[in-house]
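[1] okay, sequence plus prediction incoming.
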Amino acid sequence: MSDEGWSNLDEVDQKIIAILNKNARTPSKEIAIELKKFGVDVSDRTIRKRIERLEKNGIIKGYTAVLSGVSSSDEFEVLFLKFKVTRSVDSIIESVKAFVKTFPNYLFVATIDGEWNMIIVMKIEDMQKNPTSKIIEKFSEQILDYRTSGIQIKDINLLNMSLLLLT
């Protein structure tokens, strides 16, 4: 799926995706009713055809179950890392990325320019406070400095977040 497919989404497709992101089991008839509230008058048949096209073009890749009661936490932690200057800093970064990806509660890991080398965002599970402490412990010899902070993530634009998957 190329970036071009995303840029060709019209407002109706974007609204359909937003509705499906809230509840992937929303019937096309209900989607049509929701769209009418925004002044878009389309039939449920048109909605079904648009969804089929979005699936065929790889915009919608599937539907997942969102489990309730698995984690009651909506807390997240961000970790900023600054590594010691060495010739192998790229290797260290790759090792940290690989290690972070073994955690089921990581949201993302990214390299950044500026004062810090890397940012890691993880969900805090009920029984686990400071999930980033394992990362700090494992790579303490390579870390020059770090900062952790709790963050709140609200009002996520899921359509734009899914663009991260294309890179």
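    All right, it came through fine.
[2] what is the neighbour count of Ser95?
    Look at Ser95: counted by other C-beta atoms under 10 Å, it has 14 neighbours. The way it works is simple: take the backbone N, C-alpha and C, and place the C-beta from them, glycine included.
[3] how far away is the nearest residue to it once chain neighbours are set aside from Arg25?
    Spatial nearest neighbour of Ser95, chain neighbours left out: Phe139 (7.4 Å); criterion: C-beta to C-beta, 6 or more residues apart in numbering. With distances taken as C-beta to C-beta, to the nearest Å, Phe139 is found 42 Å from Arg25.
[4] counting neighbours, go ahead and name the busier of the two.
    Phe139 (16 against 8).
[5] which ones are touching that one?
    81, 92, 95-96, 99 (C-beta atoms under 8 Å, 6 or more residues apart in numbering).
[6] quick one: the helices in the chain, in order.
    With DSSP state H as the criterion, the chain has helices at 3-7, 11-22, 28-37, 44-56, 89-100, 133-138, 158-162.
[7] quick one, what contacts Leu79?
    119-122, 132, 135-136, 146-148.
[8] for Glu11, same thing?
    Counting by C-beta under 8 Å, 6+ apart, Glu11 touches Val40.
[9] and it, what's its pLDDT?
    The confidence metric pLDDT takes the value 86 at Glu11.
[10] for it, give its distance to Lys36.
    For Glu11, the distance to Lys36 (C-beta to C-beta) stands at 14 Å.
[11] same question for Val109.
    From Val109 to Lys36 the distance is 42 Å (C-beta to C-beta).
[12] could you do Leu54 as well?
    20 Å.
[13] neighbour count winner among the two?
    Counted by other C-beta under 10 Å, Leu54 and Lys36 do not tie: Leu54 has more neighbours, with 18 against 11.
[14] isn't the more buried one up against Ile17?
    Yes. If you go by C-beta atoms under 8 Å, Leu54 and Ile17 touch, sitting 7.1 Å apart.
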